[in-house]
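**Q** would you be able to build a 3D model of this:
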Amino acid sequence: MFARLKQCADRYRELEDRLQDPTLHEQPGAMQSVLREMGALKDKAESYRRWEELEARANSAREMLEAERDKELQQLARDELAEVEAEQQAMADELRRQIVDDDPDRGRDVMLEIRAGTGGDEASLFVGDLLKIYTRFAEAHGLGLETLSSHPTEVGGYKEVTLSVSGAEAWDLFRYEAGGHRVQRVPETEAQGRIHTSAVTVAVLAEADEVEVDIQDGDLRIDTYRASGAGGQHVNKTSSAIRITHLPTNTVVQCQDESSQHKNKARAMRMLRTRLKDAREQAAKDEQDTARRSQIGSGDRSERIRTYNYPQNRVTDHRIKVNYSLDTVLLGKLDDVVGDLRSRDLELKLAALGEGAP
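**A** Numbers count the residues shown, from 1 in each chain. Here you go, the predicted model:
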């Protein structure tokens with residue numbers, strides 16, 4: 001356990017040294033990347049420094065206990081050793097949690113992709129409902145929210161929406177939203193009062209920095225076209241919409257929400273970098289099945305994580321088998337849900353390390 005903590009402390013010192021390198025400021029996005037990683041490691045580095053101080057005090061007390069013959073000095077050494085060991089015991093549980101909760105994406109901005117699944121118009125309407133929930137949740141925590149791309153439907157919903165959520169807590173607050181969201185309710189157009197079931201999928205991706213994903217101009221095909229659907233006066237009048245295809249991976253992103261072709265291209269490149277980073281990391285995670293099973297969820301969109309039951313005013317999170325008030329969730333109050341998921345996730349990770357009970 002402490003070997004891993006030492007690795008974090010050593011890496012933090014490396015990054016501190018790197019901040020002194022004047023060439024760092026000449027690399028786009030490099031400074032932001034270093035500062036974000038330092039922020040994620042700071043608590044662990046500080047904990048390791050405190051632990052080293054306690055170890056030094058304990059060793060000094062042990063040496064005194066062995067070397068001294070004076071009974072009063074021996075008692076002082078015993079008292080000092082007992083005090084240090086008590087402090088170490090008090091720190092131990094928190095250190096375990098810090099280590100198992102070590103997430104490389106902590107501190108990153110987040111890209112949310114919300115897509116309508118089965119259920120037709122009802123699914124598209126629920127995409128809009130989730131958009132409202134997430135907007136309120138983000139605003140309540142002081143996070144920035146930007147719509148990168150959207151495809152509205154004629155009934156007032158969305159086929160899909162891609163959001164950027166910015167802020168130090170963005171990843172921690174939204175990471176557990178990835179997966180399939182099922183809604184059960186009576187559509188307004190249903191004359192017989194029958195309950196319909198529809199589904200929406202959510203992907204949660206940690207945004208990539210420019211320096212993390214190397215994209216060559218020659219690997220891109222960039223197409224422009226006229227925007228379609230609801231979106232403002234520029235729709236169907238100018239070729240401002242952008243579609244970018246990354247040829248080596250056949251990854252396609254598109255953006256039409258802005259009237260400026262330049263802005264749409266910049267947003268599309270952000271989306272492309274993030275998707276390429278996510279694909280690379282998912283491939284690595286696929287080789288770590290055991291580690292993935294010890295977490296609360298893999299982020300797989302096919303995994304049904306939650307059901308929103310309108311007739312019963314109930315939201316059920318299937319990963320932890322806990323029910324919540326639908327009215328509360330619709331107001332964007334997801335703190336209890338996220339808190340319960342994070343607590344269970346930590347329990348599972350501790351259990352996987354043999355440090356706690358599942």
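
**Q** what residues are up against the closest residue to E94 other than its chain neighbours?
**A** Distances taken as C-beta to C-beta, 6 or more residues apart in numbering place S47 nearest to E94, at 7.5 Å, with adjacent residues excluded. In short, each C-beta sits where N, CA and C put it, glycine included. Contacts for S47 (C-beta atoms under 8 Å, 6 or more residues apart in numbering) come out as 5, 91, 94-95, 98.

**Q** same check on K333?
**A** 136-137, 140.

**Q** rerun at 10 Å
**A** 133, 136-137, 140, 324-325, 327 (C-beta atoms under 10 Å, 6 or more residues apart in numbering).

**Q** now that we have those, which of them are buried?
**A** The neighbour-count criterion (16 or more other C-beta atoms under 10 Å) marks 133, 136-137, 324 among the contacts of K333 as buried.

**Q** what two of the residues you listed are the furthest from one another?
**A** R136 and Y324 (15.0 Å; C-beta to C-beta).

**Q** and E55, what helix or strand is that in?
**A** Assigned by DSSP states H and E, E55 belongs to helix 30-67.

**Q** which SSE is immediately downstream of that helix?
**A** helix 71-100.

**Q** my guess is A208 contacts V110. True?
**A** No - taking contacts as C-beta atoms under 10 Å, A208 lies outside contact range of V110: 11.4 Å.

**Q** need the residues touching each of those two.
**A** In contact with both A208 and V110: T274, using C-beta under 10 Å, 6+ apart.

**Q** and the residue nearest to E94, how far from D93?
**A** 12 Å (C-beta to C-beta, to the nearest Å).

**Q** cool, and R50?
**A** 14 Å.

**Q** ok, now R108?
**A** 27 Å.

**Q** between those two, tell me which one has more neighbours.
**A** Comparing R108 with D93 by other C-beta atoms under 10 Å, the one with more neighbours is R108, at 25 against 12.

**Q** check contacts around the residue nearest to R49 when sequence neighbours are not counted.
**A** Setting aside the residues directly before and after it, R49 is nearest to A9 in space (C-beta to C-beta, 6+ apart), at 6.9 Å. Neighbour list for A9: 2, 41, 44-49, 51-52 [criterion: C-beta under 10 Å, 6+ apart].

**Q** for these, which one is nearest D102?
**A** K44 (7.2 Å).

**Q** before we move on, the earlier item: where does the residue nearest to R49 sit: helix, strand or coil?
**A** helix (DSSP: H, G, I helix; E, B strand; the rest coil).

**Q** please apply the same query to R4.
**A** Going by three-state DSSP: R4 is helix.

**Q** which pLDDT value goes with T135?
**A** You'll see T135 listed with a pLDDT of 96.

**Q** could I get the phi/psi values of it?
**A** Phi and psi for T135, reported as degrees, to the nearest 10, are phi -60, psi -50.
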